[in-house]
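J.: got a sequence here, can you build the structure:
(chains A and B)
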There are 2 protein chains.
Amino acid sequence: MKARPQFVAPDRRAVTAYPSRSWRTWLFGRPLSTADAPHQAIGRTVGLAVFASDALSSTAYATQEILTVLALAGAAAFAHAFPISITIVALLIIVTVSYEQTIHAYPGGGGAYTVARDNLGELPAQVAAAALLTDYVLTVSVSVSSGVAQVCSAVPAVYGHRVALSVMCVVLIMIVNLRGVRESGVVFAVPTYFFIGMMVLTVGVAFFRYLQGSLGLVTNPPSLDAAGPLRPLTLFLLLHAFSNGTTALTGIEAISNGITAFKEPRSHNAGVTLLWMAAILTSLFLGITFLATHIGAIPSEQETVVSQLARTVFGGRGFPYLLAIAATTLILVMAANTAYADFPRLAALQAGDGFLPKQLTYRGSRLVFSRGIGALALLASALIIVFQASVTSLIPLYAIGVFLSFTLSQAGMTRRWWKVGRLAPGQEIHERGSVLRYERGWVAKMCINGFGAVLTAIVALVFAITKFHDGAWVVVVIIPLLVSLFFAIHRHYRDMAARLSLDDWGAPSRIRRHRVILPISGVHRGTVAALRYARALSDDITAVHVSLDPAEAGAITQKWGLWGNGVRLVILESPYRLLLEPVLDYIKRIADTRQPNETITIVVPQFVPRRRWHNLLHAQTAVLLRLALLFRPGIVITNVPYHVKLEAGSGLAEETV
Amino acid sequence: MKARPQFVAPDRRAVTAYPSRSWRTWLFGRPLSTADAPHQAIGRTVGLAVFASDALSSTAYATQEILTVLALAGAAAFAHAFPISITIVALLIIVTVSYEQTIHAYPGGGGAYTVARDNLGELPAQVAAAALLTDYVLTVSVSVSSGVAQVCSAVPAVYGHRVALSVMCVVLIMIVNLRGVRESGVVFAVPTYFFIGMMVLTVGVAFFRYLQGSLGLVTNPPSLDAAGPLRPLTLFLLLHAFSNGTTALTGIEAISNGITAFKEPRSHNAGVTLLWMAAILTSLFLGITFLATHIGAIPSEQETVVSQLARTVFGGRGFPYLLAIAATTLILVMAANTAYADFPRLAALQAGDGFLPKQLTYRGSRLVFSRGIGALALLASALIIVFQASVTSLIPLYAIGVFLSFTLSQAGMTRRWWKVGRLAPGQEIHERGSVLRYERGWVAKMCINGFGAVLTAIVALVFAITKFHDGAWVVVVIIPLLVSLFFAIHRHYRDMAARLSLDDWGAPSRIRRHRVILPISGVHRGTVAALRYARALSDDITAVHVSLDPAEAGAITQKWGLWGNGVRLVILESPYRLLLEPVLDYIKRIADTRQPNETITIVVPQFVPRRRWHNLLHAQTAVLLRLALLFRPGIVITNVPYHVKLEAGSGLAEETV
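T.: Purely as a prediction, here's the structure:
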């Protein structure tokens, strides 16, 4: 026996294992080596396209959401829309500033999750993760469904196929994303910049005509859908309109979760992109709201506010109008792409912390977290199928999660400023995701973040309450369930690590006795090959045969006498014609008398037929034994394959092991 | 090394492995020991109920089938019905006598299959088996569908559920049959004897009133459905009516396939039962045909001939009439039970000859061929689902198979008489299923069987041609396909036997070198336990680690230095983040240089988590490796399970192998 703590330098082999070419190469592109990772990082232009499409898409409906609530108090209340928008933009600025700080403080990404984890603890972090993951799945389902719904109103014939069409969209976006973040970014940049261009054009022309005095009012606006008598313009109604308008903020967190996708200097690039995104979002949102109230646009199910604005600006349903509408439809679908960029990254971060299956941290052949992308596509498709691609059913579930994550992120930053304030200048604390240093003005920043936390918490609460009956209860139920699941997974990994740890573990002594049991159904070349293998393992071998038929047992006994190499044969009689149970019983009895330094190996002959379907013609005793014994400690099962594909009687050595 | 041809007396253990009590015990009854088999055999009374229900059920419709064809030539043609019936009965007597002889000549059962096998060769035998098996599946589908159709015409509300209801019936009859042939026989004897009683009563009362002169004609008979002008009464029409009436013969073969179900003396009991069945069948069929034409019954879709007869005899739709109709409905469903008795027995015989999977020869806990019963239920249910329980679609597929098997059986018996005629008195030839001795009058018997063969062949041909377009082509296609499948299975078994045979085989020499490869993903207790096991196998061990991350590889190398017992560690770098392929490549390279007396074992550590769902949280490398390597000759894969269910750090010996 060799002395134990003896260091051996390992062989290190550069392996040629290049992934084999297949349909995958064609679909997803050639595999990328781990060393290629830096080349896959994206710049600010592509980054804006990937991460801003979700946020920017909200300009297509945020104004309308405000006007819809104000309409309850009559058209006169529309005058409050612009002041409400200003308030929302103020909140947006607070949240943006907060995320800007987060991006620099947490360069490893993760946004609300990382901030909550490092400052508030595991539970808030998991809540933030559950909220965000749920919301990303909803983003994909809602945006794809709404895009397909727009196509359906143009081409009613496809309505019957909307579910299949939506799932196809989800799969298509999945495939493009599996080709790599860089490639998907370039592909999806076109529609995003097309939308930005068209909206800037629309708002720009509108202001030009406004200043010229030639803008005028909407011609033939849709009628105001008055449901019941007008309600008074209460504070509650204003608050409701405000919270409805905050959908403009959804997607603002996307960049903070995806920092790792950016080129170095990551935090800088991500931060600049965030500011650009916020600037575009703010100006478009304010511009559209101001102009919509000015031209007398009416919120309606029949025609969107953006459509009314566009046809007023461009003087009818001409070519520019159609382009603007097409761009709006496209950006709604593109919002899904942001979720594809963020969901897998967040899931990988969580998996790295042991709260989701570790497999989500593996990067696929194109260096993206392919399993996360696949999981998102699967979940979103399931949701689309369950809700039959109905936007109306899906929308109430949406946005609660994002505001919950905003609240946790802001609260985490508040706590961080408090910790920063406690530090002496020059002192540093290294946390898991960031480094803490003293900063001036921490009190003001803490107050801003605290105020933001309170506001976003109120919005989340208003959402949950007002939409509870429409389906928001689903989210309220699902988030706690997800959090429990995350902790169950975490407990398992922690538990496994403890149980597998070598610290303070007495190494087991060497195996002194090795008993081999060889179940045989007959005596043939497969059995003899298995016996040959068994003899290489140990001298303590027992062959076991379950007998249903005394005549057959006699024949086997006789043959074993010739071919059994003197190995003991036990015949187990089975009056109830059971095949597996007698062997299991026998093994169990032997295992019960096992000594600590003794191990038992079951060597099962298994012939491998030439064709797979031939397996149907044989009782799969080997497979069944394995399944039955896998959960019994102290027993090793070995299948000795005997390949019958070679020439019968050729006696080639390859035939046997 | 021990001397090889050394005889060792085997241990013979009476095993206590009693099947565990479960829902199965409740559903199917307590398991029966093989020694109980004689007590499960059935007598003549139960035997008649089990095997005659198929044949007797045909009296419910055979007369009507004749009249329907004759109606094409007008009501005057009905006078030919009775003479046609006499001819059919003559054919029935020939077939019965032939099967009576078969039963005594082939006491092991199998009817047409065994007779064809021993006298005509493998191909005709497999054709007979394919024809009969197909027909048994059809018998179950047709009889259950027609029973359910009768229920549907009484209770129209269940029509929408007819498929589910039919499948439920199939499953119910399956369960009763799985309880054992004796028990199912007793259960199903009640409806069969009820039907016989009611029919004897109906026919008896009818003849009494006929002799008395008080029988009269049917009141309000259904109108004759005249489709087009009357056709002349040609020989073809008479032949068509004849072949339609031969449905009375279906089921006559049932006893010959099920001889082994009878008590000893088997052949005698089976033969007596066959004669009884033929006698009842003949008298009921002739009686009903005679009476139906006498009372002026009209074949119609609206009311069956049996119903017209019953209400004429019993003077209206009173209680006796209703009982007669209920008995008829029941016997139609009971016909399925005969198929459940025969299909598994025939399949087991075929499987014993190696033309069907061997598993069909296993007897279940209640000593019946449970897998055959299950297969029949599955196939019949599939057919019912595909044809939506429509009797009209299923009936054209029916009866061709039976007549094909009649033909082959008669032809086989003809050949057998020829062989018997060649023998000298006192000489004996032992064939697989029977013993040949000289018999007087073999020429006459040969002629009768030969004539029967020609007649039944004509009927089979007429069936195939007249019903070809209605769906009989399905059977004409399926039988050759089945026969090819049977031969493919047979080739596989013969091939396997040859390749596994020890005759003329040089025994492989003892394994001289045993190389062990140990793939590890980390160094933990599971790995150390696997290493400990590997060291019990051989001194030639190589641990292999696939490295995605140099830092991790470094940590593993260091830990291995402490815990690796001096065993060599190879680090395989994987730039494309593949986990399995580098190990497979490495193993392949080693396997390629393998010497004849060398064997390679891959020892894979596999931890067994406490709960099954935890497996989702781990990459199943062990399972994937096994699947990838199973088809490579010369390699044995061993999973060394490490059970984490015991207390962490308890150091119990059971934790490791």
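J.: show me which residues of the stretch 101-250 of chain A sit near chain B.
T.: Residues of the stretch 101-250 of chain A lying close to chain B (CB under 8 Å from any CB of the partner chain): none. Every residue, glycine included, has its C-beta placed from N, CA and C.
J.: spit out the contact partners of the residue in the stretch 101-250 of chain A positioned nearest to chain B.
T.: Proximity of the stretch 101-250 of chain A to chain B (CB to the nearest CB) peaks at residue A:180, 13.7 Å away. By CB atoms under 8 Å, 6 or more residues apart in numbering or on different chains, the contact set of residue A:180 is A:29, A:32, A:40, A:366-368.
J.: quick one: which of those residues sit in strands?
T.: Per DSSP state E, strands hold no members of the contacts of residue A:180.
J.: so residue A:601 is in which element?
T.: Taking DSSP states H and E as the criterion, residue A:601 maps to strand A:598-608.
J.: tell me the mean pLDDT for that strand?
T.: The pLDDT scores in strand A:598-608 average 87.
J.: and stretch A:548-557, by the same measure?
T.: 88.
J.: can you dump the C-alpha coordinates of that stretch into CSV?
T.: Presented in CSV, the C-alpha positions along stretch A:548-557 are these (Å, rounded to 0.1, in the frame of the first residue of the first chain):
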residue,chain,number,x,y,z
LEU,A,548,-39.0,-21.6,-13.2
ASP,A,549,-38.6,-25.0,-14.7
PRO,A,550,-36.7,-27.8,-13.1
ALA,A,551,-35.7,-29.3,-16.4
GLU,A,552,-34.1,-26.1,-17.6
ALA,A,553,-32.3,-25.7,-14.2
GLY,A,554,-30.9,-29.2,-14.7
ALA,A,555,-29.6,-28.4,-18.1
ILE,A,556,-28.0,-25.2,-16.8
THR,A,557,-26.4,-27.0,-13.9
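J.: may I see the buried residues of that stretch?
T.: By 16 or more other CB atoms under 10 Å in any protein chain shown, the buried positions in stretch A:548-557 come out as A:548, A:553, A:556-557.
J.: just the pLDDT for residue A:3.
T.: 41.
J.: backbone dihedrals for residue A:515, please?
T.: Dihedral pair for residue A:515: phi -100, psi 140, per degrees, to the nearest 10.
J.: sorry, back to before: okay, now the sheet partners of the strand holding residue A:601, with direction.
T.: For strand A:598-608, the pairing partners within the sheet under DSSP bridges are strand A:513-519 (parallel), strand A:635-643 (parallel).
J.: which of those strands has the highest mean neighbour count?
T.: strand A:635-643 (a mean of 23; mean count of other CB atoms under 10 Å in any protein chain shown).
J.: returning to what we had before: just send the strands paired with strand A:598-608 back as TSV, with mean pLDDT and distance to residue A:21 too.
T.: Listed next are those as TSV, based on pLDDT from 0 to 100; distance: least, CB to CB, whole Å:
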stretch	mean pLDDT	distance to residue A:21
strand A:513-519	92	43
strand A:635-643	86	28
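J.: which residue ranges of the stretch 251-400 of chain A form strands?
T.: Applying DSSP state E, counting those that start in this stretch to the stretch 251-400 of chain A gives no strands.
J.: do chain A as well
T.: A:11-14, A:428-430, A:435-437, A:513-519, A:540-547, A:568-573, A:598-608, A:635-643.
J.: and the residue of the stretch 351-500 of chain A nearest chain B?
T.: Counting by CB to the nearest CB, the stretch 351-500 of chain A gets nearest chain B through residue A:500, at 3.7 Å.
J.: hmm, I was thinking of the stretch 201-350 of chain A
T.: Per CB to the nearest CB, residue A:350 is where the stretch 201-350 of chain A lies closest to chain B, at 12.8 Å.
J.: that residue reaches residue A:132, doesn't it?
T.: No. Using CB atoms under 8 Å, residue A:350 makes no contact with residue A:132, being 9.8 Å away.
J.: need the overlap of contacts for those two.
T.: residue A:113.
J.: give me the neighbour count for the residue of the stretch 201-350 of chain A closest to chain B.
T.: Look at residue A:350: counted by other CB atoms under 10 Å in any protein chain shown, it has 27 neighbours.
J.: show me the contacts for it.
T.: Contacts for residue A:350 (CB under 8 Å, 6+ apart) come out as A:113, A:129, A:356, A:360, A:486.
J.: cheers, nothing more for now.
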